[in-house]
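Student: Predicted model and sequence follow; I will ask about them next.
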Amino acid sequence: MKTTVPALAAAMLMAASPVMADLVVPNMSYRTGPYAANGIPYADGFADYFTLLNERDGGIGGQLIQVPECETAYNTEKGVECYESLKSQDPLVLNPLSTGITYQLIPKVSVDDIVLYTPGYGRTSAKNGEVFEWVFNAPANYWDGASVAVSHILDQEGGDLSGKKIALVYHNSAYGKEPIRTLQGLSEKHGFDLLEIPVDAPGQEQKSQWLQIRREKPDYVIMYAWGVMNQVAIQEAVNIRFPMDKFIGIWWSGSENDVTPAGAGADGYKSLTFHGVGQDYPLYDDLRTHVIDAGKAAGAGDQMGNVIYSRGVYAALVIAEAIAKAQELAGTPEIDGAQLRDGFEALEITPERMAELGLPDFGQPIALSCDNHGGAGLARIQQWDAGAGEWSLITDWIEPDAEILQPLIDEDSTAYAQEAGIEPRCN
């Protein structure tokens, strides 16, 4: 069969024209292993938000979002393997939901020009964009959380912690060790004694640690845990009758999965959060209509509104807003990793914008820049009501103590820059 000249010319023109490519935002998930109870709702929320944008809005800037999923099982080695396999798909950004994996990926993304978004976890000093060009950890980091927890305790104690004892029960990993330097500095500043109590992963056995707490009688316990360790710790606290209103978890220790196994005993338990609670927001109506009821949910559709599901949604929202900003700055919907980095550094999410997105009073304002990749670091305290089976916000936004935190960020990021041979930027 002969091909006509016009047909051949059209075919050549089509071949020469750029093909509109989807935006690739992988979902590095863990639906298996001892951390699956928390990994599943986060992965569902993350994927469902992008499905909503595709189904309701036609994507971002007319570009559909692909969300390929790779199972890490919260294992650092598997996480690196996922990174290497996903890299061939030209991802714009990765969100591994693991501090251990994050530490391994920081030098890799710096070579491959891929944004690493680690909201509320990862390497805290990555807030310094002068050193960590490709890493963003807004809206808050581990050191912010430790400082906010102590600020809340100060408020409970009338502003005086001299002679008080605070225990840190922590996951014996890079994640759990993150707040130690902050708490040591706050201990010196406010005159309380710090008791450090590590728990080896996955944390299913903690009797000796809680017997130590019963023996040493700290006034408060702060916990940095994850997965099954949260459930076990809360149950052990109930067993020794530690007062729940003096037990404060980081935001990764404050989901429904963590408290419900302890039943009524968990009533009054507190944790930090950097976003709203429940699903009484217009966005969740859209999720229900376009994703859950439409049969397009990433999971069973039964996690919507839970704390960790909402956190996955929030992470996806921030990424989506950064993508939109990057498209605006670049003047094209087809962006690469470097352009997304620019979008993150120009990102501003105001209260008015959150309301437009269907999440009024859900998250703090976020304003990033070349040198500030972490935002303001505000957090709130939520408390578990076992009778109602729900979390309630009991404080407004609390500011972290920059007097303690900024020198630590400067010290750690400077040391990393020297070690990695990085010249600070943003000048």
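Tutor: Yep, it's here.
Student: Excluding covalently adjacent residues, which one is nearest to the residue nearest to the spatial centre of the chain?
Tutor: Nearest residue to the geometric centre of the chain (CA atoms, centre = their mean): Pro119, 3.2 Å. With CB to CB, 6 or more residues apart in numbering as the criterion, Pro119 has its nearest non-adjacent residue at 5.1 Å, and that residue is Ala315. Where you see a C-beta, it was placed from the backbone N, CA and C, and this is true even at glycine.
Student: Helix or strand: which one has the one you found?
Tutor: Assigned by DSSP states H and E, Ala315 falls within helix 307-330.
Student: Check Gln303 too.
Tutor: Per DSSP H and E, there is no helix or strand for Gln303.
Student: List the contacts of it.
Tutor: Ile40, Pro41, Asp44, Gly45, Tyr309 (CB atoms under 8 Å, 6 or more residues apart in numbering).
Student: What's the separation between it and Tyr83?
Tutor: 26 Å (CB to CB, to the nearest Å).
Student: Likewise for Gly145?
Tutor: Where Tyr83 is concerned, Gly145 sits at a distance of 26 Å (CB to CB).
Student: next one: Asn239
Tutor: 41 Å.
Student: more crowded one of those two?
Tutor: Neighbours per residue (other CB atoms under 10 Å) separate Asn239 from Tyr83, with Tyr83 holding more: 24 against 14.
Student: who's in contact with that one?
Tutor: By CB under 8 Å, 6+ apart, the neighbours of Tyr83 are Met28, Leu94, Pro96, Ile101, Leu105, Lys108.
Student: Surely the residue nearest to the centre of the chain is in contact with Leu317?
Tutor: No. With contact defined as CB atoms under 8 Å, Pro119 and Leu317 do not form a contacting pair (10.2 Å).
Student: tell me, what's touching those two both at once?
Tutor: Joint contacts of Pro119 and Leu317 (CB under 8 Å, 6+ apart) do not exist.
Student: can you give me the helices for the stretch 151-300 of the chain?
Tutor: Using DSSP state H, counting those that start in this stretch, the helices found in the stretch 151-300 of the chain span residues 174-177, 180-190, 207-216, 228-239, 256-259, 282-287.
Student: Let me know the angle separating the longest one from helix 207-216.
Tutor: Right, helix 228-239. 40 degrees (axes from the mean of the first three to the mean of the last three CA atoms, to 10 degrees).
Student: who touches helix 228-239?
Tutor: With CB under 8 Å, 6+ apart, helix 228-239 has contacts from 34-35, 37-38, 169, 171, 199, 201-207, 209-210, 213, 221, 223, 225, 244, 247, 249, 252-253, 255, 257-259, 261-262, 265-266, 269.
Student: Please parse the chain into its domains.
Tutor: 21-141+277-377+407-420, 142-275+380-401 (automatic domain parsing).
Student: I'd like those domains laid out as TSV, including mean pLDDT and distance to Cys426.
Tutor: Listed next are the domains of the chain as TSV, based on pLDDT from 0 to 100; distance: least, CB to CB, whole Å:
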stretch	mean pLDDT	distance to Cys426
domain 21-141+277-377+407-420	97	4
domain 142-275+380-401	97	21
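Student: what about the closest residue to Ile422 other than its chain neighbours, is that helix, strand or coil?
Tutor: Spatial nearest neighbour of Ile422, excluding adjacent residues (CB to CB, 6+ apart): Val131 at 5.7 Å. Three-state assignment for Val131 (DSSP: H, G, I helix; E, B strand; the rest coil): coil.
Student: if I look at Val131, how far off is Ile101?
Tutor: 20 Å.
Student: Could you do Glu256 as well?
Tutor: 25 Å.
Student: More neighbours: which of the two?
Tutor: Ile101 (28 against 18).
Student: gap between the host helix or strand of the more buried one and the chain center?
Tutor: Using DSSP H and E, Ile101 sits within helix 99-112. Offset of helix 99-112 from its chain centre (CA atoms, centre = their mean, to the nearest Å): 16 Å.
Student: Please pull up the helix or strand immediately following it.
Tutor: Defined by DSSP H and E, the subsequent element after helix 99-112 is strand 115-117.
Student: The next helix or strand after that next one - contacts with which helices or strands?
Tutor: Later in the chain than strand 115-117, the nearest helix or strand by DSSP H and E is strand 135-136. Judged by 3 or more CB pairs under 8 Å, 6 or more residues apart in numbering; DSSP states H and E, strand 135-136 is in contact with helix 99-112, strand 115-117.
Student: strand partners of strand 135-136, parallel vs antiparallel please.
Tutor: The strands beside strand 135-136 in its sheet (DSSP bridges) come out as strand 115-117 (parallel).
Student: tell me the contacts of Asp200?
Tutor: Asp200 neighbours (CB under 8 Å, 6+ apart): Asn172.
Student: meant to ask about Ile394
Tutor: Lys270, Ile381, Gln382, Gln383.
Student: next one: phi and psi at it?
Tutor: Main-chain dihedrals, Ile394, degrees, to the nearest 10: phi -110, psi 0.
Student: again with Asn27
Tutor: Residue torsions, per degrees, to the nearest 10, at Asn27 are phi -110, psi 100.
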